[in-house]
Each structure stands twice: as structure tokens, then as C-alpha cells.
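Colleague: Need a 3D model of the following:
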Amino acid sequence: MSTSLLRAAAIGLGLMLGPALPVHETAADEPAAFPDIQRILDAGTIRVALRARDAAPMIMTDADGAPAGSEPDLARDLAKKLGVAVAFVRTADTYDDVVDVVARKEADIAVSYLSGGMQRARYVLFSDPYIRQSGRLVYNRASFAELKRDYGLDELRAIESTPAASEVSVGVVAGSVYETNLARDFPNSPLREFDSLDEMMAAVRSGETFAALHGGLQIDYFMRRNPATAIYVALDPNIRQSSDIRIAVRPDAPNVLRWINLYLANHVGMLDDSEIVQRYLDWESRSE
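Modeller: Numbers count the residues shown, from 1 in each chain. Alright, predicted model coming up:
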């Protein structure tokens, strides 16, 4: 081969190899994971915010004082798949407070029976839903029978067009997304806040509170654990408000969110609320 041809071949080879070397060197300097994921991997622990108060069957406490229920179980499995330990942060009294813990970056994520909500989405990222449920309205049977007799009502929402609206109170668990929904659907009725579903259902059963709005999964669980309540309390068939359950992620962790969505799609799927209810009814019966 002539000298000129050798020189041309060398130049061509140099042009092909030249750009490749810096690319390879740059790739070698890249971290093993996205920075927000690497932060958790370096710590060896993912911090998971969880409501301090129990909310069976999603959030419970076992005989040893450890978190139990479907949400802690999900968080433990997620941490295992990520290859880290899990540390629960149970400092928040309400669901809104749980979101605040994540927004302040005191936890990496929250797995705490959280509905999304437009207001909450201003402060944290939300995963795809992993439980589909509806907000359901429960009411006192005897009280509604009296209202139907006195005002000829056919449905609960019609109460708002009568003078009785200002006399009947509606309940909600404090710090839940249902407070906004009740204010919209029953603007003329006094709103009562409760610390727990058990307290709220007891007030509806006694007639102290006329009606209450909460997640259908927890209401179903409560009614199955307390079947005599059905004598006094009924579910309104017409009021169903979308309330899908999602994982909250701190606002500076978009790649953690992407990973969680893949985890939910590949390892969890969409959970059936009736299966969750039955699974943890069985768990409680074994724990008693």
C-alpha cells in the first residue's frame, strides 16, 4: 500500500476512534444511578412516611409495636426490590401532615393510604394509583327516614335545598381529602372533624352526626368488623367520588417516582379492595 494510502487510512481511523474515546471516558465517570436514587442507595435506607394513627386495614400496629397492614407491607417489599432497608417515619397525625413530611424532605416517600388531590400535588409528586376506590357517604338510617317524611326527599344531596341542611352535620376524618369534597357537596351543613374513622362511625351510628364521607375500602372493613352497625347506618348508592390511592414522593426525586411506577406495574398491579379487606381481617383474627 502506498504511503499516501496508509496516511489516509490512519487519518480515517483516527476520525472514527477520536470521537468515541471521550464518550467512553464520560460514561465511565457517570454515577451508577440517577442522583435521587443514588442518595437512597448510599444511605442504604428508604425513609417512608406513615400516619401515626392506625387506619385499618391499611395502617395498623402489631403486638410488638411495629407497623403492620397493607401499606407497611407494600413499603417493605418496595425497599427490598430497591435493595435497601426501610425506616418508617410515624410523626404525622393526619394524612395532610404525611404529605407535609414528604414535602419537607423528612421522608423519601409516603405509603400511607393517600389520595392524590390537586392541593397536595402542589407540594409532592404522586405515583400511579395502586388501589382504585371511591369516597363513600354513610348516613344514619333513622335520621334520613325523618327527613324523607318531613321534606319528601328522594336522595341525600336534596337535603341542601331544605331548611334542614343547617341542622344536620356531616363528618370527615381530619386532614383527609374528603373535607374539600364535603364542603362542595354539602355547603350548608356544619362540618365535623374526627380523629379516626371509628369515632366518626360511632357518631353517625348514634345520630350525633347525620352523615360522613370516607374511603370505601376502610368503610367496608369497618362494617365487616362491626356488622351490627348496618342496622343503624347505610351507604348512599349515588355518591361515589374517585379516591385512588397513590405513593407520595419528595419533590426533588423524579427518578425515584419513575422507579416506583415501574415497581407498581411489575410487582403490584392494581390491588382489589375486597381482597385487601379479607386479607387483613384474617390477619387481625390471627393476632387476637
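
Colleague: from here on, contacts and neighbour counts on C-alpha atoms
Modeller: OK.

Colleague: helix/strand/coil for residue 171?
Modeller: Under the three-state scheme (DSSP: H, G, I helix; E, B strand; the rest coil), residue 171 adopts strand.

Colleague: can you tell me which residue is nearest the centre of the protein?
Modeller: Nearest residue to the geometric centre of the chain (C-alpha atoms, centre = their mean): residue 114, 2.2 Å.

Colleague: so which strand or helix has residue 47?
Modeller: Taking DSSP states H and E as the criterion, residue 47 maps to strand 45-51.

Colleague: List the contacts of that strand.
Modeller: 40, 59, 75, 79, 84-95, 98, 101-102, 106-112 (C-alpha atoms under 8 Å, 6 or more residues apart in numbering).

Colleague: Got a PyMOL select line for the buried ones in the residues you listed?
Modeller: Below is the selection syntax for PyMOL that covers the buried ones among those, with 16 or more other C-alpha atoms under 10 Å defining burial:
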select buried, resi 40+59+75+79+84+85+86+88+89+92+93+94+95+98+101+102+107+108+109+110+111+112
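
Colleague: and stretch 206-219, C-alpha only, in CSV?
Modeller: Listed in CSV are the C-alpha atoms of stretch 206-219, where the atom choice follows Å, rounded to 0.1, in the frame of the first residue of the first chain:
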residue,chain,number,x,y,z
SER,A,206,-75.8,7.3,67.3
GLY,A,207,-77.3,10.0,65.2
GLU,A,208,-75.0,12.6,66.7
THR,A,209,-73.7,13.2,63.2
PHE,A,210,-76.1,12.7,60.3
ALA,A,211,-73.6,11.6,57.6
ALA,A,212,-69.9,11.1,56.9
LEU,A,213,-67.6,10.8,53.9
HIS,A,214,-64.5,8.5,53.8
GLY,A,215,-62.7,5.9,51.6
GLY,A,216,-64.9,3.0,50.6
LEU,A,217,-62.2,0.4,51.4
GLN,A,218,-61.9,1.5,55.1
ILE,A,219,-65.7,1.8,55.4
